[in-house]
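In: sequence isn't available, so here's the structure alone:
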């Protein structure tokens, strides 16, 4: 029997739909929230700051990650310091590189040493994590988000890769490795299996948890009944 609120891996809600955020904020197994500019665009967000402040007014005791959207160091730093000033429960999401493939590790280290909590996002390679670890201290909380789902899309086993990131960051008690770009509910169990600290899960995947621990024979019967009903409703004949 899997008990979702007993897992070692923390579960963060990933999204920008405000009604979903309100729906899941009271769930005990949801211990934080993340979003990004693409999710905000999809949700129709027009005013970035107003939307973030609206979330912070709702989520006061759990961690929240907001992402900068600048592409040069000067403006990334400005946005990061501004976002960090909005609340104590904020992690500032900064991509590990910019659009020109220039590593942001130096700035991330500078902000980290100034006490700003960073969520380093869009991490795909072990070398990227190594470059971050070289620049940060061992005190200020820092999340490193590994895009496991997108790594898996390329045919590479994400469990093997994330284990490497967990291993090299063990000497940093302030660092948590996060499993990002979830594809299915079982990813939560996989993250827990390898002692990944955090996993971000979109509402669409969280809703599938309603079948967690479901009897497989019963599930089989329900599936066959669905096929039969759909064929009958469609009036199929051979």
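Out: Right, received. Where do you want to start? Since we're looking at a predicted model, the values are computed, not measured.

In: make it CA atoms for all contacts and neighbour counts henceforth
Out: OK.

In: distance check, the residue most central in space within the chain against residue 98.
Out: The residue lying closest to the centre of the chain (CA atoms, centre = their mean) is residue 200, at 3.1 Å. Per CA to CA, to the nearest Å, residue 200 is found 22 Å from residue 98.

In: got it, and residue 91?
Out: In terms of CA to CA, residue 91 sits 19 Å off from residue 98.

In: which of these two has more neighbours?
Out: residue 91 (25 against 16; other CA atoms under 10 Å).

In: now the helix or strand where the more buried one lies: average pLDDT?
Out: Remark: residue 91 resides in strand 90-95, with elements defined by DSSP states H and E. Here strand 90-95 scores 98 as its mean pLDDT.

In: where does residue 51 fall, secondary structure wise?
Out: helix 48-58.

In: in whatever helix or strand comes next after that helix, which residues are buried?
Out: Per DSSP H and E, the first helix or strand lying C-terminal to helix 48-58 is strand 63-67. Buried residues in strand 63-67, defined by neighbour count with 16 or more other CA atoms under 10 Å: 63, 64, 65, 66, 67.

In: show me where the protein has helices.
Out: With helices called from DSSP state H, the chain shows them at 18-24, 37-42, 48-58, 73-84, 105-113, 126-135, 148-153, 158-168, 186-193, 203-206, 216-234.

In: quick one: which of the ones you listed is nearest residue 7?
Out: Counting by CA to CA, residue 7 lies closest to helix 186-193 out of those; the figure is 6.5 Å.

In: just want the angle from the closest one to helix 158-168.
Out: 30 degrees (axes from the mean of the first three to the mean of the last three CA atoms, to 10 degrees).

In: can you count the residues close to the nearest residue to residue 22 once chain neighbours are set aside?
Out: Leaving aside its chain neighbours, residue 22 sits nearest to residue 58 (7.5 Å; criterion: CA to CA, 6 or more residues apart in numbering). By other CA under 10 Å, the residues close to residue 58 number 14.

In: what do you get for residue 174?
Out: 16.

In: hang on, the earlier thing: roughly how far is the strand holding residue 91 from the heart of the chain?
Out: Put simply, strand 90-95 sits 11 Å off its chain's centre (CA atoms, centre = their mean, to the nearest Å).

In: distance between the ends of stretch 110-118?
Out: One end of stretch 110-118 sits 11 Å from the other (CA to CA).

In: can you check stretch 40-51 too?
Out: Counting by CA to CA, you get 9 Å between the two ends of stretch 40-51.

In: just checking, residue 56 touches residue 88?
Out: No - the pair residue 56 / residue 88 is not scored as a contact, 10.0 Å apart, by CA atoms under 8 Å.

In: residues near residue 19, how many?
Out: For residue 19, using other CA under 10 Å, the count is 9.

In: and the pLDDT for it?
Out: In this prediction, residue 19 carries a pLDDT score of 94.

In: list the buried residues in stretch 104-118.
Out: 104, 105, 107, 108, 109, 111, 112, 113, 116, 117, 118.
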